[in-house]
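Peer 1: please work out how this folds:
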Amino acid sequence: MVLSMDRWVLGIARRSERIEESAKLLSNKQGKLHAIKADLTKEEDILKAFKWAKDNLEPVHILINNAGRGAKANLTEGETRQWKKVFDLNVLGLSMATREAVKVMKENQINGHIIHMNSVAGHQVLNFRGPSVYCASKFAVTALTETLRQELNQQGLKIKVTSVSPGMVESEMTNLHPNLTPEMKAVYEKMPFLKSEDIADAVVYALSTPEHVQIPELTIKPVGEKINDCV
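Peer 2: Coordinates of the predicted model:
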């Protein structure tokens, strides 16, 4: 999860050392990247992170809900604990962080922006072994994005909300996973991939729109991708 204002960015993750490594690489750039260690499935960790931001930084203008996970846990054979891990992070963690960000923006009269990192799997169930519960969690993100947009409108708030739905992206959830089977390696070798920089560019694009312009949904796919090639 990422919180941001013009002069700072706060990265929140279980592996906060990775954010700290990025902060070192960006030390000669404008602004500052801070790191907070937190488990985004735990409400107390999320509340502590927002409190730290409030006590040490300026009010939040941007929230990027980019924490997520998958699981090889289909609906007919999967384990309940695996399903729960997916929904706790992809749906409940996103919802709790969104609630806290909106509170800050309302209190400080900020016309902010909330971005949910979704997936093409949040718009179509993939005929791909394993990700059935993952698809369900991302369909929830699609619904929550529109629900949030409507709630903000009902309250007269000018906070923007965007769902960013990538196709196949090089990551530890896909072809960079450390425990890939030979079968999955062979499958991935035939697929086109986006890079993380492509998704970052899409987020920047959504954030750069004029104040009166909102992009509710932004779908990004690599050229040549077939929908059921993706997770």
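
Peer 1: now for the residue nearest to the spatial centre of the chain: which residues touch it?
Peer 2: Central residue of the chain (CA atoms, centre = their mean): Asn66, 1.9 Å from the mean position. Taking CB atoms under 8 Å, 6 or more residues apart in numbering, we find Asn66 in contact with Met1, Val2, Ile115, Met117. All C-beta spots, glycine's among them, are computed from the backbone N, C-alpha and C.

Peer 1: report pLDDT for it.
Peer 2: If you check Asn66, the pLDDT there is 94.

Peer 1: packing partners for the lowest-mean-pLDDT helix or strand in the chain?
Peer 2: When each helix and strand of the chain is scored by mean pLDDT, DSSP states H and E, strand 2-5 comes last, with a mean of 71. Other helices and strands packing on strand 2-5, by 3 or more CB pairs under 8 Å, 6 or more residues apart in numbering; DSSP states H and E, are strand 8-13, helix 43-56, strand 62-65.

Peer 1: right, and the helix or strand after the helix or strand containing Met184?
Peer 2: Using DSSP states H and E, Met184 sits in helix 182-189. Going down the chain from helix 182-189, the next helix or strand is helix 196-207, by DSSP H and E.

Peer 1: counting contacts, what elements does the next helix or strand after that following helix pack onto?
Peer 2: Sequence-wise, the next helix or strand downstream of helix 196-207 (DSSP H and E) is strand 217-220. In terms of contacts (3+ CB pairs under 8 Å, 6+ apart), strand 217-220 is packed against strand 160-166, helix 196-207.

Peer 1: direction included, what does strand 217-220 pair up with?
Peer 2: strand 160-166 (parallel) (DSSP bridges).

Peer 1: quick one: mean pLDDT over the partner strand.
Peer 2: If you average the pLDDT values across strand 160-166, you get 97.

Peer 1: count the residues that sit near Arg149.
Peer 2: Each residue near Arg149 was counted by other CB atoms under 10 Å, and the total is 18.

Peer 1: may I see the buried residues of the particular helix or strand that has it in it?
Peer 2: For Arg149, the host element (DSSP H and E) is helix 132-154. By neighbour count on 16 or more other CB atoms under 10 Å, the buried set for helix 132-154 is 132-142, 144-145, 148-149, 152.

Peer 1: now what about it, what contacts it?
Peer 2: Counting by CB under 8 Å, 6+ apart, 70-71, 73-75, 78, 82-83, 86-87, 90-91, 94-95, 98, 102, 114, 116, 118-119, 121-123, 125-126, 158-159, 161-163, 165, 214, 216-217, 231 sit against helix 132-154.
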